[in-house]
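K.L.:
Need a 3D model of the sequence below.
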Amino acid sequence: MLKIKIYGTESPSYQLVKTKLKSFMDNASIVYDLQEVTKISEIMEDNIVSVPAVKVNDDLLFEIKPNGSYNASLREAIQSILRLQNYGTMTKIIVPTDFSEASLNAYNFAHRLAKHLPGVIKLTHVYYPTSADVNQIVVVNDEVEKIHREKLEEYVKSFNQDWIGNFVEEPMVEGIFRVGFPVMELKELSKEKDTVLVMGTTGEGGAFKKVFGSISLDMIEKSNCPLFLIPPDAGASQINKVTFLSEDLNQDAAHLKVVLGLCTGGNTRLSIVHFKKQDNSKFDETSIRAIVDTYMNGTPYDVEIISNVDVFDGVRDIVTRDVNELVVLSTKHRNIFQNLFHKSVTEFAALNAISPLLILTDKV
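P.N.:
Numbering: from 1, shown residues only. The predicted model follows:
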């Protein structure tokens, strides 16, 4: 349990610190004991020279600075306290960046996702060391690594702030710098609890795989958490529809809960897509609706049936129709979708999509 003391008089700035801190701690389900210290004698006894201020576990002190620095220091204090408990149950949104337009587009998508969930954005750069052969000795270029570290810090600083007039309303951003192989490092990061991965793609077939997308394609198979793939332009607008491809919702209950979580709190509509085969006489739309109704609590949704179509053609039609439609694929291998959810078809969807994709696996 965190022991938190808030120092100050009954001023608006003091009340704002208390309100914002309690809100974040409660939303993150972090257990804490909050003590308010408002008597001047007690404030002086604890050697506090500026108020409002926050102390954690009688050790870490955060002064909320006035004169134009109030908002930034409040944000920094709250984020530092949340970081002590790894942000509690807040969703950790890992956004790999190579400082390209594709990764910036993924960040824009993650920014909105963080507001919806709520979540914290972990902007991640995996640096693969450059080296040179000097007199038959391999020398690692530390200066290049330093440049990459500083660039990540600049990005985090520029993103991790509020608009004028807002007080800790924009999602928090933390920088993660790793040295190694990108796929291996991202795979390890994806094992963390309450994590999702948001990656940009470059689209247009071969160019996707050649530039940034090869890592994205690898993560389709390697990721241990839900994986969002964001094509160019798909991160620029509000998602107004979520399309979930599933054959057996009884077995997809856990995935359905994830999908429904993306549809709540806004005007996003859910569509369940079923690829119907000629010999699929047991298909019953009523049974699908009965399963979905147990989770939807009256929220409207559609059931879409696609008959007698090549799987690749059907997937292409869905992932190329709207940049504001999130298409959800599962990598489960079973029933009539054993080919649809094969890695090759999921990659096909990623290579051709203009829609953002969400890839769910049995690991999720």
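K.L.:
For the helix or strand hosting Asn108, what does the pLDDT average out to?
P.N.:
Assessed by DSSP states H and E, Asn108 sits inside helix 101-116. Mean pLDDT, helix 101-116: 91.
K.L.:
How many neighbouring residues does Leu61 have?
P.N.:
For Leu61, the count of nearby residues is 16 (other Cβ atoms under 10 Å). From N, CA and C alone the C-beta is placed, and that goes for glycine too.
K.L.:
sorry, that was for Val95
P.N.:
Val95 has 29 neighbouring residues, counting by other Cβ under 10 Å.
K.L.:
Pretty sure it sits in a strand.
P.N.:
Yes. Counting by DSSP: H, G, I helix; E, B strand; the rest coil, Val95 is located in a strand.
K.L.:
residues contacting it?
P.N.:
Counting by Cβ atoms under 8 Å, 6 or more residues apart in numbering, Val95 makes contact with Ser103, Ala106, Tyr107, Ala110, Ile121, Lys122, Leu123, Thr124, Val198, Met199.
K.L.:
May I see these organised as JSON lines, with distance to Ser344 added?
P.N.:
Below are these laid out as JSON lines (distance: Cβ to Cβ, whole Å):
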{"residue": "Ser103", "distance to Ser344": "25"}
{"residue": "Ala106", "distance to Ser344": "23"}
{"residue": "Tyr107", "distance to Ser344": "29"}
{"residue": "Ala110", "distance to Ser344": "27"}
{"residue": "Ile121", "distance to Ser344": "31"}
{"residue": "Lys122", "distance to Ser344": "30"}
{"residue": "Leu123", "distance to Ser344": "31"}
{"residue": "Thr124", "distance to Ser344": "27"}
{"residue": "Val198", "distance to Ser344": "23"}
{"residue": "Met199", "distance to Ser344": "19"}
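K.L.:
Out of those, which is nearest to Ser11?
P.N.:
Ile121 (31.5 Å; Cβ to Cβ).
K.L.:
Just confirm that closest one contacts Val173, I think it does.
P.N.:
Yes. When contacts are counted by Cβ atoms under 8 Å, Ile121 is listed as touching Val173 (4.7 Å).
K.L.:
can you list residues touching both of those two?
P.N.:
Joint contacts of Ile121 and Val173 (Cβ under 8 Å, 6+ apart) are Phe159.
K.L.:
Thanks a lot, see you next time.
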